[in-house]
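*Asks:* Model the structure of this input:
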Amino acid sequence: MKKRNIITIILLIYLGIMAYIGWPNYIDEGRYWEYAGIIAGTLVAIFALRYVQGKKEKMRNYYKEKSEKKTHNTDSKK
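*Replies:* So this is what the prediction gives:
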């Protein structure tokens, strides 16, 4: 399993637990929109992090392959 999948799963579990714990406080006071907004904002942050990690991984693989090709080309010239 990739590192970004593990991090995403852990953050989603954490969000679920915190949402469950915070539910009574927000509902008793009638702050439904604030509760939903916090959860939505956190979900956006989690999936933005996942997106950035994916882009970073693709760039790392691209430059790794590029450097390997360069190494192979210099070896064949000798």
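*Asks:* any idea how far the residue nearest the centre of the chain is from Tyr35?
*Replies:* Nearest residue to the geometric centre of the chain (CA atoms, centre = their mean): Arg50, 2.4 Å. The spacing between Arg50 and Tyr35, counted by CB to CB, to the nearest Å, is 23 Å. From N, CA and C alone the C-beta is placed, and that goes for glycine too.
*Asks:* what does Ile10 give?
*Replies:* Distance from Ile10 to Tyr35, counting by CB to CB: 22 Å.
*Asks:* more crowded one of those two?
*Replies:* The residue with more neighbours, out of Ile10 and Tyr35, is Tyr35; 17 against 11, by other CB atoms under 10 Å.
*Asks:* correct me, but that one touches Ile27?
*Replies:* Yes. Contact status for Tyr35 versus Ile27: in contact at 7.3 Å, counting by CB atoms under 8 Å.
*Asks:* burial of the spatially closest residue to Thr42 that is not a sequence neighbour, as a residue count?
*Replies:* Once flanking residues are discounted, Thr42 sits nearest to Leu15: 5.4 Å by CB to CB, 6 or more residues apart in numbering. With neighbours defined by other CB under 10 Å, the count for Leu15 comes to 16.
*Asks:* Ok, Ile46 next?
*Replies:* A count of nearby residues for Ile46, using other CB under 10 Å, gives 17.
*Asks:* quick one: it from Ala40, how far?
*Replies:* Plainly put, Ile46 is 11 Å away from Ala40 if you go by CB to CB.
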